[in-house]
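Participant: got a sequence here, can you build the structure:
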Amino acid sequence: MPPETPLTVLCIASHEKGQEFIRQCKREGCRTYLLTSQSLENADWPRESLDDIFLMPDPDGQWHMPDVIRGVSYLARTIRIDRIVALDDFDVEKAAALREHLRVPGMGDTTARYFRDKLAMRKRAQDENISVPAFSPILHYDDLRAFLQEVPPPYVLKPRAQAGAIGIRKLSSAEDVWRSLDELGDEQSFYLLEQFVPGDVYHVDTIVDEKRVLFSCVSRYGKPPLQVSHEGHVFSTVMVPHGSDDERILRGLNKIVLKAFGLVRGVSHSEYIRGEDGRFYFLETSARVGGAHIAEMIEGATGLNLWAEWARLETTTTPGQYAVPPYRNDYGGLLVCLARQEWPDLSAYNDPEITFRLKKRHHAGLAVASPDHSRVQELITRYAERFREDFLAVLPPTDRPL
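Facilitator: Modelled structure (predicted):
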């Protein structure tokens, strides 16, 4: 391909996100296309940065992969596709399958499993001597019975391919486990059983190029996401103190995880829990920007937009050429909740440290940043209490993304 020919990037998004990735691709001079759900045709896409939008029927909220492959293969007759990028967790497997079929560079089916399938993640981590909560596949019943005899409750039953806390059930006994499996019927093999480990949950957000971690940010959730979704709390997270043991240990552990799982290039959001024994356990990872507006928190504290940096990384044609631009080393905090009001009024929240205000129906959210960690922690703690009074709405846990 002649060097003056611009790269062509096909972005895949079955949910509305990644707008800044699309804009940055266009800034880099790429031809940029979007494949999205028909139901999102009128979403807030940056159309000025897109050469075209292609729509997939989604009457039941799902895409039919054989139709996706046929449709994109038809496009490839007239459009030379150089990069395929999944903008959402639920699109990682779609993008991998398309890369395999079209022989486009990037993560293929096998590696994608490690970033989507919680069972594949745990087995890979276990093989690499990375600590994980005790777990069992829902496959061979004799193995499952042995697990239930050896591992005390409570347990969590997790969908292998969902994101975050979606679809997770907390179960208090072996009897509850068998009853839940009966309800799942033939779908039960798509789940994983795990011992519930109480503790603080952390996340590490990274930029990786040629298997090198070039940037990482360590944060701790106010309450674990499972507790937020099941008990109805305000979601919050705050970056940990720089130079702390938590930051040092989790940065090191995260490098081991991403190397073991084979992430060559891209961004990642990984989660870990510190159990009551003081040890850190791997929970899950992903090959995408963290959700719940974590990217906006990081941008407010550092000046780095992970969506834009991911686009710069993906569109760099020479391996190892990408470099992280200079960034600030401040602290960020974030809180988000479902709101009773259709459009919550956040005007009473007016501290100068606020860097981001969420504008989304029936949601309230803010991000703050400061060079002072204690100030960020103070604001997030105080705002979380006010959000409970001013906005918080609680819905039952869902088996599907909102």
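Participant: does the residue lying closest to T32 once chain neighbours are set aside belong to a helix, a strand or coil?
Facilitator: Using Cβ to Cβ, 6 or more residues apart in numbering and skipping the chain neighbours, the partner closest in space to T32 is C25 (4.4 Å). C-beta coordinates here come from the backbone N, C-alpha and C atoms, glycine included. Judged by DSSP: H, G, I helix; E, B strand; the rest coil, the three-state class of C25 is helix.
Participant: I'd like to know how far C25 sits from E16.
Facilitator: Per Cβ to Cβ, to the nearest Å, C25 is found 17 Å from E16.
Participant: got it, and V201?
Facilitator: From V201 over to E16 (counting by Cβ to Cβ), the distance is 26 Å.
Participant: quick one, helices of the stretch 151-300 of the chain?
Facilitator: Per DSSP state H, counting those that start in this stretch, the stretch 151-300 of the chain carries helices over the ranges 174-184, 225-231, 245-261, 294-302.
Participant: if we can go back for a sec, who has more neighbours, C25 and E16?
Facilitator: More neighbours surround C25 than the other of C25 and E16, with 30 against 16 (other Cβ atoms under 10 Å).
Participant: wait, isn't that one in contact with Y33?
Facilitator: No. In this structure, C25 is not within contact of Y33 by Cβ atoms under 8 Å, at 9.6 Å.
Participant: sorry, back to before: show me what contacts the residue nearest to T32?
Facilitator: C25 is in contact with 9, 11, 32, 49, 311, 314-315, counting by Cβ atoms under 8 Å, 6 or more residues apart in numbering.
Participant: can you count the residues close to Q227?
Facilitator: Q227 has 16 neighbouring residues, counting by other Cβ under 10 Å.
Participant: I figured L250 hits S219, correct?
Facilitator: No. In terms of Cβ under 8 Å, L250 does not count as a neighbour of S219; the distance is 9.5 Å.
Participant: residues shared between the contacts of the two?
Facilitator: Overlap of the contact sets of L250 and S219 (by Cβ under 8 Å, 6+ apart) consists of 202, 204, 240.
Participant: quick one: low-confidence residue ranges for the stretch 301-402 of the chain.
Facilitator: Residues of the stretch 301-402 of the chain meeting the criterion pLDDT under 70: 397-402.
Participant: which stretches of it form strands?
Facilitator: Counting by DSSP state E, counting those that start in this stretch, the stretch 301-402 of the chain has strands at residues 331-338, 354-357, 363-370.
Participant: to A393, which of those lies closest?
Facilitator: Nearest of the strands of the stretch 301-402 of the chain to A393, taken as Cβ to Cβ: strand 331-338 at 4.4 Å.
Participant: could you check the angle that closest one makes with helix 294-302?
Facilitator: 150 degrees (axes from the mean of the first three to the mean of the last three Cα atoms, to 10 degrees).
Participant: what angle separates strand 331-338 from strand 363-370?
Facilitator: Using the same axes, to 10 degrees: strand 331-338 against strand 363-370 is 170 degrees.
Participant: run the chain-centre distance for strand 331-338.
Facilitator: Relative to its chain's centre, strand 331-338 lies at 16 Å (Cα atoms, centre = their mean, to the nearest Å).
Participant: list the strands paired with that strand, with their directions.
Facilitator: If you go by DSSP bridges, strand 331-338 pairs up with strand 235-239 (antiparallel), strand 363-370 (antiparallel).
Participant: just want the angle from the shortest one to helix 245-261.
Facilitator: Relative orientation of strand 235-239 and helix 245-261, computed by the same axes, to 10 degrees: 100 degrees.
Participant: ok, residues contacting strand 235-239?
Facilitator: For strand 235-239, the surrounding residues in contact (Cβ under 8 Å, 6+ apart) are 203, 217-223, 225, 228, 292, 294, 297, 301, 331-337, 373, 376-377, 380, 384.
Participant: that older thread, got the strands of the stretch 301-402 of the chain as a markdown table, with distance to P137 and mean neighbour count columns?
Facilitator: Shown next, in a markdown table, are the strands of the stretch 301-402 of the chain (distance: least, Cβ to Cβ, whole Å; neighbours: other Cβ atoms under 10 Å):
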| stretch | distance to P137 | mean neighbour count |
| --- | --- | --- |
| strand 331-338 | 33 | 26 |
| strand 354-357 | 40 | 17 |
| strand 363-370 | 36 | 25 |
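Participant: neighbours of S173, how many?
Facilitator: 12.
Participant: mind listing what's buried in stretch 95-112?
Facilitator: Neighbour counts using 16 or more other Cβ atoms under 10 Å place 95-101, 104, 106-108, 111-112 of stretch 95-112 among the buried residues.
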